[in-house]
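Asks: coordinates only, no sequence provided:
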């Protein structure tokens, strides 16, 4: 079996994609980063299948994001799938929750997004082999052109640089200056969540949207004067000048194979004159806790807690602390290094989902008003929002946009700190 592998930091995924496209190869690409894995099946230089371990890229999550089904419908379809072993998409069509046309559109969109997401990773590893599945049952109705996807990925990278100058991290919250009733679709849902005090990371989880979709829509709303970020002691960067339209980001509408490609967006933020240093990085405002709420030491200083966890070889705690650091600064070197070390060590240990009974029902161990919510990550807050004293861990995990192992780590940490308790 022919194989090529390497480090993304040395050879970006986009370079590998172009190399494969130029040779019209048949291969299976596997890309890994921070616990996430994408598997991409290419035939004759075109992408036909994509699978990801990131739950936000699961078919059911995309269907919720597009507004085709509800979380309850996904839960019922998942239960049916567990009993019948029929693929989820087929179950949803059989019960008429979605049409075959809707399913096909979302599958094409899902496949394309999995590739674009992987091409945007700046770290991780890749492997490509000439071992291609013989069955075409999981193929999309229209393959993804690798050359077009590569051009779009380059455009996204440029947009990300501009977006991060305005919205630095998932911990960022925004002020809304527009009535949500004036908006529609995804933008209306997004702004409503921002008004409710959600961070960008929380909103993405609630909407089941990929990071680029959420950030690009916020960036467009920012340039229209509808929202502004809450930053730590700094004024936000200037909006795009009126003469220059903001980059057009994809909205939450189904992808069509015949949809025309947009040109690579040009930079709309002012650039410093030659010879001047780049502007300092912006930081998200640290939200305040409600009066009387005690902030645990590990939340006040996650960097110190990370070092302590690594020294004590408490890999689960180290992984959670590194995620808290990266929530506020995705480029923090200590957070990235801590994540890599903890992740590698956890892979050598017994899978954590074997150490917990997923049939158990999580319940709050203290009043919600006592929990230091503002210092938790978006994923930790999402897990707490799903705790209602009725649903089991298995039911929560089935429809969650968070990986099962990660959800288990969060629950175990909450239990050890007395935030949650587990009942049978």
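Replies: Great, that's in hand. Fair warning: this is a prediction, and the values are worked out from it, not measured in the lab. Numbering: from 1, shown residues only.
Asks: which residue ranges of the stretch 301-424 of the chain form helices?
Replies: Taking DSSP state H, counting those that start in this stretch as the criterion, the stretch 301-424 of the chain carries its helices at 302-311, 315-328, 333-348, 378-385, 393-398, 404-416.
Asks: against which helices or strands is the shortest one packed?
Replies: Using 3 or more CB pairs under 8 Å, 6 or more residues apart in numbering; DSSP states H and E as the contact definition, the elements that helix 393-398 packs against are helix 71-84, strand 361-364, helix 404-416. In short, each C-beta sits where N, CA and C put it, glycine included.
Asks: so for it, mean pLDDT?
Replies: Across helix 393-398, pLDDT averages out at 91.
Asks: same check on stretch 195-203?
Replies: With pLDDT averaged residue by residue, stretch 195-203 scores 94.
Asks: show the end-to-end separation of that stretch, please.
Replies: In stretch 195-203, first residue to last residue: 11 Å (CA to CA, to the nearest Å).
Asks: next: stretch 115-135.
Replies: Taking CA to CA, stretch 115-135 runs 20 Å from one end to the other.
Asks: what residues of it count as buried?
Replies: Across stretch 115-135, burial judged by 16 or more other CB atoms under 10 Å covers 115, 116, 117, 118, 119, 120, 121, 124, 125, 126, 127, 128.
Asks: how close does residue 399 sit to residue 108?
Replies: 23 Å (CB to CB, to the nearest Å).
Asks: picking that back up, mind putting the helices and strands packed on helix 393-398 into a markdown table with distance to residue 334?
Replies: Output for those, formatted as a markdown table (distance: least, CB to CB, whole Å):
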| stretch | distance to residue 334 |
| --- | --- |
| helix 71-84 | 36 |
| strand 361-364 | 31 |
| helix 404-416 | 20 |
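Asks: got CSV for these, with distance to residue 326, mean neighbour count and mean pLDDT too?
Replies: Converted to CSV, the helices and strands packed on helix 393-398 look like this (distance: least, CB to CB, whole Å; neighbours: other CB atoms under 10 Å; pLDDT from 0 to 100):
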stretch, distance to residue 326, mean neighbour count, mean pLDDT
helix 71-84, 27, 15, 88
strand 361-364, 25, 18, 96
helix 404-416, 13, 20, 92
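Asks: ok, what's across the strand from the closest residue to residue 58 other than its chain neighbours?
Replies: Among residues not flanking residue 58 along the chain, residue 52 sits closest, at 7.6 Å (CB to CB, 6 or more residues apart in numbering). Per DSSP bridges, the residues bridged to residue 52 are residue 38.
Asks: what about the nearest residue to residue 181 once chain neighbours are set aside, neighbour count?
Replies: Once flanking residues are discounted, residue 181 sits nearest to residue 188: 7.8 Å by CB to CB, 6+ apart. Neighbour count of residue 188, defined by other CB atoms under 10 Å: 13.
Asks: what about residue 188, distance to residue 67?
Replies: Taking CB to CB, one finds residue 188 at 11 Å from residue 67.
Asks: what segments of this structure are strands?
Replies: 3-7, 27-33, 36-43, 46-52, 125-129, 144-145, 174-176, 227-229, 361-364, 420-423 (DSSP state E).
Asks: what residues does the nearest residue to residue 30 once chain neighbours are set aside make contact with?
Replies: The shortest distance from residue 30 to any residue other than its chain neighbours is 4.8 Å, reached at residue 127 (CB to CB, 6+ apart). Applying CB atoms under 8 Å, 6 or more residues apart in numbering to residue 127 gives the contacts 3, 4, 5, 29, 30.
Asks: is residue 127 in a bridge, and if so with what?
Replies: In beta-bridge terms (that is, DSSP bridges), residue 127 pairs with residue 5, residue 30.
Asks: pLDDT at it, what is it?
Replies: pLDDT recorded at residue 127 is 96.
Asks: same check on residue 88?
Replies: You'll see residue 88 listed with a pLDDT of 88.
Asks: and it, what does it touch?
Replies: Counting by CB under 8 Å, 6+ apart, residue 88 touches 59, 60, 77, 78, 81.
Asks: was I right about the fourth one contacting residue 396?
Replies: Read it as residue 78. No - Residue 78 lies out of contact with residue 396 (CB atoms under 8 Å); the separation is 11.7 Å.
Asks: list the buried residues in stretch 323-335.
Replies: Applying a neighbour-count criterion of 16+ other CB under 10 Å, one finds 323, 324, 325, 326, 327, 328, 329, 330, 332, 335 buried in stretch 323-335.
Asks: so can I have TSV of these showing pLDDT?
Replies: TSV is the format used below for those (pLDDT from 0 to 100):
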residue	pLDDT
323	93
324	92
325	93
326	92
327	92
328	89
329	90
330	88
332	91
335	94
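Asks: closest to residue 145 out of the residues you listed?
Replies: The closest of the buried residues of stretch 323-335 to residue 145 turns out to be residue 330 (CB to CB; 29.7 Å).
Asks: could you report the neighbour count for the closest residue to residue 418 other than its chain neighbours?
Replies: Spatial nearest neighbour of residue 418, chain neighbours left out: residue 365 (4.9 Å); criterion: CB to CB, 6+ apart. Counted with other CB under 10 Å, the neighbours of residue 365 add up to 15.
Asks: hang on, the earlier thing: distance to residue 96 added to the helices of the stretch 301-424 of the chain, as JSON lines?
Replies: What follows is these, written out as JSON lines (distance: least, CB to CB, whole Å):
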{"stretch": "helix 302-311", "distance to residue 96": "47"}
{"stretch": "helix 315-328", "distance to residue 96": "39"}
{"stretch": "helix 333-348", "distance to residue 96": "42"}
{"stretch": "helix 378-385", "distance to residue 96": "30"}
{"stretch": "helix 393-398", "distance to residue 96": "21"}
{"stretch": "helix 404-416", "distance to residue 96": "29"}
